[in-house]
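Asker: can you look at this prediction? I've put the sequence above it.
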Amino acid sequence: MADQLTFDLALPPPTYAREDFVVAPGNREALAWIDRWPDWPAPALAVGGPTGCGKTHLARIWAARAGATIVEGRSLEGMSIADLSEMLAKAPAVVIEDADQAAERALFHLYNLAREHRRHLLLVAASLPAHWQIDLPDLASRLRAAPAVAVASPDDELLGSIILKQLADRQLHAGAGVVHYLVAHMERSAESARRVVAALDRKALAERREIDRRLAADVLAELGGAP
C-alpha cells in the first residue's frame, strides 16, 4: 500500500485581482466608486463593512489601479506634516486600512495635503466615518463631505458564487449538495471560501477522495469550522 501523503493546510497568500472579485448587490455600489476613480467629488472615499465582506479586495483593486501605497491607520501616529507630504510625494494615492484608528490630526493634515496636491485617499474601516468617534471638528466636516459607501457581508448567493468560482479556477468538480453544505456551515467571508476550497483540493488529492459532503465536513472540522 502506498504511503499516504501528508495533508498540509498551509495556504498561499490570497490574490486580489480585479477578475477574481465576484460582484453582488451588497458590493456593487462600492465597486462602482472604485471604478469611477479618479472622478471622485472629494480627495477621499470611505469604504466600510464587516470582516470578510470584501473591502480589502476592493482596496487592493484600487491600489493596483491608482498606484497607491497601503498603510495602517495606526501608523500615522506621530507623523509630521513633512512625513505625510513625503508619503504623498512617493505615491499618487494612499489606502489607509483601519482608518478609524488613525490619529485624527495626522489624518486631517493628510486629507488637506491630498486635496492640495490632487492626490486621493481610500479610507477602509469596519464602519463608515459617520459612525466614528471624531473629536476634531475640522476632520469630521471634511469626512462628512467625502463620499462613503458600505459593503455588506456575503449572502448565501454570493458566498456560493465565490465557492463555485474557486472550484472552477482549480478545475475541481464538487458533488451534489457540497456548495450548499459549505455555505450553511463555513465562516461567511470570501477569504474563508478561498481557504476552504484550497483545503478541499489538497485533501482530495492527498487522500484520493471525491469532493463530497463528507470530505467537506472533514475539511471544515480541520479548519475549525463545522464538525
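Answerer: Cool, got the structure.

Asker: walk me through the domains of this structure.
Answerer: Following automatic domain parsing, the chain resolves into domains at 25-150, 156-222.

Asker: by mean pLDDT, show me the worst of the ones you listed.
Answerer: Confidence, taken as mean pLDDT, is least for domain 156-222 of the domains of the chain (a mean of 91).

Asker: the protein: strands as residue ranges?
Answerer: Taking DSSP state E as the criterion, the chain carries its strands at 44-48, 69-72, 93-97, 120-125, 148-150.

Asker: direction included, what does the last one pair against?
Answerer: As defined by DSSP bridges, the strand partners of strand 148-150 come to strand 44-48 (parallel).

Asker: what's the nearest residue to residue 51 if we skip its chain neighbours?
Answerer: Once flanking residues are discounted, residue 51 sits nearest to residue 189: 6.7 Å by Cβ to Cβ, 6 or more residues apart in numbering. Any C-beta I mention is one placed from the backbone N, CA and C, and that applies to glycine too.

Asker: let me have the strands of the chain in CSV, adding distance to residue 58 and mean neighbour count as columns.
Answerer: Formatted as CSV, the strands of the chain follow (distance: least, Cβ to Cβ, whole Å; neighbours: other Cβ atoms under 10 Å):
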stretch, distance to residue 58, mean neighbour count
strand 44-48, 6, 25
strand 69-72, 12, 16
strand 93-97, 10, 23
strand 120-125, 8, 24
strand 148-150, 9, 19
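
Asker: could I get those in CSV, plus columns for distance to residue 140?
Answerer: Output for these, formatted as CSV (distance: least, Cβ to Cβ, whole Å):
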stretch, distance to residue 140
strand 44-48, 12
strand 69-72, 21
strand 93-97, 16
strand 120-125, 13
strand 148-150, 13
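
Asker: follow-up on the earlier one: now tabulate the domains of the chain in TSV and tack on distance to residue 18.
Answerer: Shown next, in TSV, are those (distance: least, Cβ to Cβ, whole Å):
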stretch	distance to residue 18
domain 25-150	5
domain 156-222	13
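
Asker: which stretch among those domains comes nearest residue 16?
Answerer: Each of those has some distance to residue 16 by Cβ to Cβ; the shortest is domain 25-150, at 3.4 Å.

Asker: quick one: the closest one to chain centroid distance?
Answerer: Distance, stretch centre to chain centre, for domain 25-150: 14 Å (Cα atoms, centre = their mean, to the nearest Å).

Asker: could you tell me the end-to-end distance of it?
Answerer: 11 Å (Cα to Cα, to the nearest Å).

Asker: stretch 46-65 now?
Answerer: One end of stretch 46-65 sits 17 Å from the other (Cα to Cα).

Asker: run a quick neighbour tally on residue 164.
Answerer: Neighbours of residue 164 under the rule other Cβ atoms under 10 Å: 15.

Asker: for residue 197, see how far away it is.
Answerer: Separation of residue 164 from residue 197 (Cβ to Cβ, to the nearest Å) stands at 9 Å.

Asker: one more: residue 208?
Answerer: Residue 208 sits 18 Å away from residue 197, going by Cβ to Cβ.

Asker: looking at these two, which is more packed in?
Answerer: Just comparing residue 208 and residue 197: by other Cβ under 10 Å the higher neighbour count belongs to residue 197, 24 against 9.

Asker: wait, residue 186 sits on residue 192?
Answerer: Yes. Counting by Cβ atoms under 8 Å, residue 186 touches residue 192, with 5.6 Å between them.

Asker: in space, what's closest to residue 102 - neighbours in sequence excluded?
Answerer: Of all residues not flanking residue 102 in the chain, residue 73 sits nearest, at 3.5 Å (Cβ to Cβ, 6+ apart).
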